[in-house]
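# Coordinates for the following, if possible.
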Amino acid sequence: MPTVLVTGANRGLGLELVRQYRDDGWHVIACARKPAAATELQKLAAAQTERVEIHALDVTDFAAVDGLAAALRGRAIDVLLNNAGTMGAQSFATVGLEAGKFGAADFTDWAQTFRINTFAPMKMAEAFVEHVARSDQKKIVSISSIVGSIAKNNVGGLYAYRASKAALNAIMHSMGIDLARSHGICAVPLHPGWARTDMGGERADIDAVASVTGMRKVIAALALEKAGRFYMYDGSELPW
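I've put the predicted structure just below:
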């Protein structure tokens with residue numbers, strides 16, 4: 001049975017990724033900051049204990065990332081799925097483009113946003129590259145956002161979040177080139193669509209089920225020739 005590791009698995013898209021991969025017969029390594037408080041995730045795991053294992057992981061704690069990689073040494077991970085993310089202290093779901101607007105930059109919040117959205121996926125990839133390399137599928141996917149596309153930015157705003165996702169895209173593009181050559185790994189950033197989650201809000205276009213269903217199809221179709229490209233959940237390619 002193939003294995004997927006999902007960060008930020010306690011709610012929203014992460015929780016739905018765990019559910020769908022579990023139901024499709026995968027083994028899921030589900031990571032959450034506070035597993036004891038992740039009630040829905042615990043229920044998913046309890047229903048099929050042989051398919052879901054839960055690990056405590058704060059992706060901003062790089063020593064903990066190394067610790068988990070060491071604990072899982074020798075395990076093959078077919079898909080490393082960097083899902084944990086943040087929009088920062090202000091919520092787009094409640095205040096829209098007013099979140100992090102020009103003239104109100106909180107650089108302490110910027111630093112945390114970058115640590116979660118940009119640094120952590122890089123750290124996870126470096127820590128788990130050998131786990132992925134020993135698998136059959138060999139894929140690293142980081143959940144990005146269309147707002148990280150410079151070409152698609154026609155409305156401005158969301159400075160820290162946009163910048164962190166644009167930086168993540170640059171990282172994943174380079175990773176796609178480097179790891180294809182060195183390890184035969186396909187690495188890509190993936191936009192989940194505007195989904196109805198705590199982050200996306202109730203006005204979003206699609207629900208978590210549709211988003212994850214689409215993303216899983218894209219992930220399933222990944223091959224080395226697609227490494228380092230930027231995809232949307234519907235399979236279309238996005239401009240940088």
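# can you tell me the helix or strand for Leu168?
Element membership for Leu168, per DSSP states H and E: helix 159-183.
# what's downstream of the helix or strand bottoming out on mean pLDDT in the chain, the next helix or strand?
Least confident element among the helices and strands of the chain, by mean pLDDT, DSSP states H and E: helix 92-95 (a mean of 61). Once helix 92-95 ends, the next helix or strand along the chain (criterion: DSSP H and E) is helix 107-114.
# And the next helix or strand past that next one?
On the C-terminal side of helix 107-114, the nearest following helix or strand under DSSP H and E is helix 120-133.
# the inter-axis angle of that next one versus helix 159-183?
When axes from the mean of the first three to the mean of the last three C-alpha atoms, to 10 degrees is applied, the directions of helix 120-133 and helix 159-183 differ by 20 degrees.
# now helix 120-133: mean pLDDT?
Averaging the model's pLDDT scores along helix 120-133 yields 98.
# same question, stretch 100-113
Stretch 100-113 comes out with an average pLDDT of 90.
# can you give me the end-to-end distance of it?
The distance separating the two terminal residues of stretch 100-113, taken as C-alpha to C-alpha, to the nearest Å, comes to 11 Å.
# Roughly how far does Glu225 sit from Cys186?
Here the distance between Glu225 and Cys186 works out to 9 Å (C-beta to C-beta, to the nearest Å). Backbone N, C-alpha and C define where each C-beta goes, glycine included.
# So these two - more neighbours on which side?
The residue with more neighbours, out of Glu225 and Cys186, is Cys186; 25 against 9, by other C-beta atoms under 10 Å.
# quick one: the strands in this protein?
With DSSP state E as the definition, the chain shows strands at residue ranges 3-6, 27-32, 52-56, 79-82, 139-143, 186-191, 231-232.
# Compare these and give me the one nearest Gly88.
For those, distance to Gly88 was read as C-beta to C-beta. The smallest value, 16.0 Å, belongs to strand 139-143.
# Quick one: list the elements packing against the closest one.
Packing contacts for strand 139-143, counted by 3 or more C-beta pairs under 8 Å, 6 or more residues apart in numbering; DSSP states H and E, involve strand 79-82, helix 120-133, helix 159-183, strand 186-191, helix 208-220.
# Strand partners (parallel or antiparallel) of that strand?
Each strand that strand 139-143 pairs with, and the sense of that pairing, follows from DSSP bridges: strand 79-82 (parallel), strand 186-191 (parallel).
# List of residues touching the shortest one?
Yep, that's strand 79-82 we're talking about. With contacts defined as C-beta atoms under 8 Å, 6 or more residues apart in numbering, strand 79-82 is touched by 2-7, 17, 59, 120-121, 124-125, 128, 131-132, 137, 139-143, 219.
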